[in-house]
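pasting the sequence and the predicted model now:
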Amino acid sequence: MKYDHDVIIIGGGPSGSTFARAVAAEGMDVLVIDKRKEIGVPVRCGEGLGQREVISQGLEIPRQCYSTEITGAKVIAPNGKSIVWKDDNTKGWVLERKIFDKWLCELAIEKGAKVKTYTRALEVLKDTHGKINGVKLSHGGREPYDIHAPLIISAEGMESMMARQMGFKTVHSLYDVDTCYQYEMKPYNHENLIELYFGNKIAPRGYVWIFPKCDKKANVGIGIGGNLINGKKGGSAYGATEGTIDGAAPKHLLDEFIKNNEQLKDASTLVDFGGIISVGAPIDEFVKDNCMVIGTAAKQVDPIHGGGIALAMESAMLAASIVLDAYKEKNYSKEKLFEYDKQWRATAGKKVAKRLMLRKVMEKVSDDDLNHIFNSITDHDLEQTMEGKFAGPVAKIIAGRPQLLGVLSALLPGKK
Ligand SMILES: Cc1cc2nc3c(=O)[nH]c(=O)nc-3n(C[C@H](O)[C@H](O)[C@H](O)COP(=O)(O)OP(=O)(O)OC[C@H]3O[C@@H](n4cnc5c(N)ncnc54)[C@H](O)[C@@H]3O)c2cc1C
């Protein structure tokens, strides 16, 4: 069959653009489509990004792509006690995502990729043998048309409708998503630290974040367990969609937090949005014949903080390296592409699995226990915990409160 492109990428977010850049640079004919009228707009993100991950990809982020440089993190217990943690792990940026996402996309264009906005993938096309060979598209809701390629990449983010058509299990349970609400606010005097507030009354199974931006602005947001919406336990299958969730519990809890915050209670809001992010396990397979899923569409998101930008870019780079090999042989079989699945799970996947285990343990801990934990540990213990080295911090915590051993033992070696 005569194809229009070597690869079609559905989604021009960080994963899609990064993948496009890497494969276009090696001569592949790439089409990126995005249903948005403008790449990166509207922003539905806290915009925090760690420096380490990006530098390791050899990228230098231009000044206009970020609002503020972050020098560390301040983690606050339910009783107000805080731990300030400053090291290479906590250095980073609060981005201007509408500029950052467009910049990533422009890098792909400069390497030869073609990008089409306001173009929605409606359907995955298959030949008479059931082999995936293209996508039905519509530009601005106009007459649909077909485009063919031997490889289709889903980089669709949370929606992942096309990935579902490809046969991937991307439906989210309410338990494995956080529902979020965020304001951009001004004025807020900050110390270039990201602030994370914990507590079951503040943000059940989640946290409130204050991410500093330039000119005394801040992204002030909340994420709570999706099964706790309106305080009730849910749990039914949920196909998450973009859009505001006005009136749901996260907004009320965030408003409550702001009312009780001396600086924020009189501040103005500049932006207001709701969103949903995966905090569960990645999907159980990332590749099939002639197609792959990368980034948040594959639920490659940190289950502790819901950060997905760095993981999306990392997974895109890995997937691209495997695809370039497949391109040489013109072999896009599942068997050939599987190396991406295997390598991801052996590297980033291990870290994500440990974070998921930590999330599941932390959601069983009461506010009183959380206060005890904050009293027992240091910034170094936080670093160890985030690195997945739980033994030292757990020993300190249970020394003062042995009854927590039952819950925390799940983090100790030999336990699942
Ligand atoms: C409230 C909130 C706060 C967050 N804060 C942070 C944070 O501070 N730091 C962090 O690292 N992460 C954060 N995240 C997560 C982060 O936004 C995502 O993990 C990240 O954007 C994933 O990149 P991606 O390229 O995989 O997907 P996306 O950035 O979601 O890009 C997917 C693209 O696919 C397009 N698309 C989808 N379906 C179709 C279709 N059928 N046809 C055409 N185009 C389609 C969409 O328009 C979109 O542009 C947050 C998420 C939420 C909801």
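Good, I have the coordinates.

what is the neighbour count of the residue in the stretch 251-400 of the chain that the ligand sits nearest to?
The nearest approach of the stretch 251-400 of the chain to the ligand comes at residue 308, 1.9 Å away (C-beta to the nearest ligand atom). C-beta: built from backbone N, CA, C; applies to glycine. Look at residue 308: counted by other C-beta atoms under 10 Å, it has 24 neighbours.

assign a three-state SS to the closest residue to residue 77 other than its chain neighbours, would you?
Closest residue to residue 77 apart from its sequence neighbours, by C-beta to C-beta, 6 or more residues apart in numbering: residue 374 at 3.7 Å. When classified by DSSP: H, G, I helix; E, B strand; the rest coil, residue 374 comes out as helix.

now the residue of the stretch 251-400 of the chain closest to the ligand, nearest residue through space, not along the chain?
Closest to residue 308 by C-beta to C-beta, 6+ apart is residue 301, at 4.0 Å.

where do the strands sit along the stretch 1-150 of the chain?
7-10, 30-33, 48-50, 66-70, 72-76, 82-85, 92-95, 114-116, 119-126, 132-139, 145-148 (DSSP state E, counting those that start in this stretch).

any chance of TSV for those, columns mean neighbour count?
Shown next, in TSV, are the strands of the stretch 1-150 of the chain (neighbours: other C-beta atoms under 10 Å):
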stretch	mean neighbour count
strand 7-10	28
strand 30-33	26
strand 48-50	21
strand 66-70	20
strand 72-76	20
strand 82-85	17
strand 92-95	24
strand 114-116	16
strand 119-126	19
strand 132-139	19
strand 145-148	15
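
after the helix or strand bottoming out on mean pLDDT in the chain, which helix or strand is next?
None of the helices or strands of the chain scores lower by mean pLDDT, DSSP states H and E than strand 237-238, at a mean of 30. Downstream of strand 237-238, the first helix or strand assigned by DSSP states H and E is helix 249-259.

just the buried positions in that next one, please.
Residues 249, 250, 251, 253, 254, 257, 258 are the ones in helix 249-259 that count as buried (16 or more other C-beta atoms under 10 Å).

JSON lines for these, including distance to residue 66 and pLDDT?
Listed next are those as JSON lines, based on distance: C-beta to C-beta, whole Å; pLDDT from 0 to 100:
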{"residue": "249", "distance to residue 66": "31", "pLDDT": "82"}
{"residue": "250", "distance to residue 66": "26", "pLDDT": "91"}
{"residue": "251", "distance to residue 66": "27", "pLDDT": "91"}
{"residue": "253", "distance to residue 66": "28", "pLDDT": "93"}
{"residue": "254", "distance to residue 66": "24", "pLDDT": "96"}
{"residue": "257", "distance to residue 66": "25", "pLDDT": "97"}
{"residue": "258", "distance to residue 66": "25", "pLDDT": "98"}
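
for the stretch 201-350 of the chain, what spans make up the helices?
Counting by DSSP state H, counting those that start in this stretch, residue ranges of the helices within the stretch 201-350 of the chain are 249-259, 309-329, 334-346, 348-362.

residue of the stretch 1-150 of the chain with the smallest distance to the ligand?
residue 13 (2.2 Å).

show me what contacts that residue?
34, 40, 101, 155, 157, 295, 296, 312 (C-beta atoms under 8 Å, 6 or more residues apart in numbering).

ok, 6 Å please
Going by C-beta atoms under 6 Å, 6 or more residues apart in numbering, residue 13 touches residue 157.

of the helices of the stretch 201-350 of the chain, flag the one that's most buried.
helix 309-329 (a mean of 22; mean count of other C-beta atoms under 10 Å).

which other residues reach that helix?
14-15, 18-19, 22-23, 26, 28, 49-50, 53, 292, 294-296, 300, 332, 336, 339-340, 343-344, 348.

how about a cut-off of 7 Å?
Contacts of helix 309-329 from elsewhere in the structure, counted by C-beta atoms under 7 Å, 6 or more residues apart in numbering, are 6, 13-15, 18-19, 22-23, 26, 28, 49-50, 53-54, 57, 151, 292, 294-296, 298, 300-302, 332, 336-337, 339-340, 343-344, 348.

and residue 109, how many neighbours does it have?
When neighbours are counted by other C-beta under 10 Å, residue 109 registers 16.

who does the residue nearest to it when sequence neighbours are not counted bridge with?
If the residues on either side of it in the chain are set aside, residue 109 comes closest to residue 115, at 5.8 Å by C-beta to C-beta, 6+ apart. Beta-bridge pairing for residue 115 (DSSP bridges): residue 32.

list the contacts of residue 115.
Counting by C-beta under 7 Å, 6+ apart, residue 115 has contacts 12, 32, 105, 108, 109.

how close does it get to residue 301?
24 Å (C-beta to C-beta, to the nearest Å).

what parts of the stretch 51-200 of the chain come near the ligand?
120, 121, 155, 156, 157, 159, 161, 162, 180, 182 (C-beta under 6 Å from any ligand atom).

mind listing residues that contact stretch 403-416?
Identification of contacts with stretch 403-416 by C-beta under 7 Å, 6+ apart yields 357, 358, 361, 364, 365, 369, 390, 391, 394, 397, 398.

please indicate which of these are buried?
Here, 16+ other C-beta under 10 Å leaves 357, 358, 361, 365, 369, 390, 394, 397, 398 buried among the contacts of stretch 403-416.

what's near enough to touch the first one?
Taking C-beta under 7 Å, 6+ apart as the contact definition, residue 357 lies against 410, 411.

measure the residue nearest to residue 116 when sequence neighbours are not counted to residue 138 for me?
Leaving aside its sequence neighbours, residue 116 sits nearest to residue 33 (C-beta to C-beta, 6+ apart; 5.0 Å). Look at residue 33 and residue 138: by C-beta to C-beta, they are 10 Å apart.

quick one: contacts for the residue most central in space within the chain?
Centre of the chain computed as the mean C-alpha position; nearest residue by C-alpha atoms, centre = their mean is residue 308, 2.0 Å away. Residues counted as contacts of residue 308 (C-beta under 7 Å, 6+ apart) are 277, 295, 296, 300, 301.

so what pLDDT did the closest residue to the second one other than its chain neighbours get?
In space, and not counting its chain neighbours, residue 295 is closest to residue 15: 2.8 Å by C-beta to C-beta, 6+ apart. In the prediction, the pLDDT value recorded for residue 15 is 98.

go on, residue 397?
Looking at residue 397, its pLDDT reads 94.

what's the nearest residue to it if we skip its chain neighbours?
Leaving aside its chain neighbours, residue 397 sits nearest to residue 376 (4.8 Å; criterion: C-beta to C-beta, 6+ apart).
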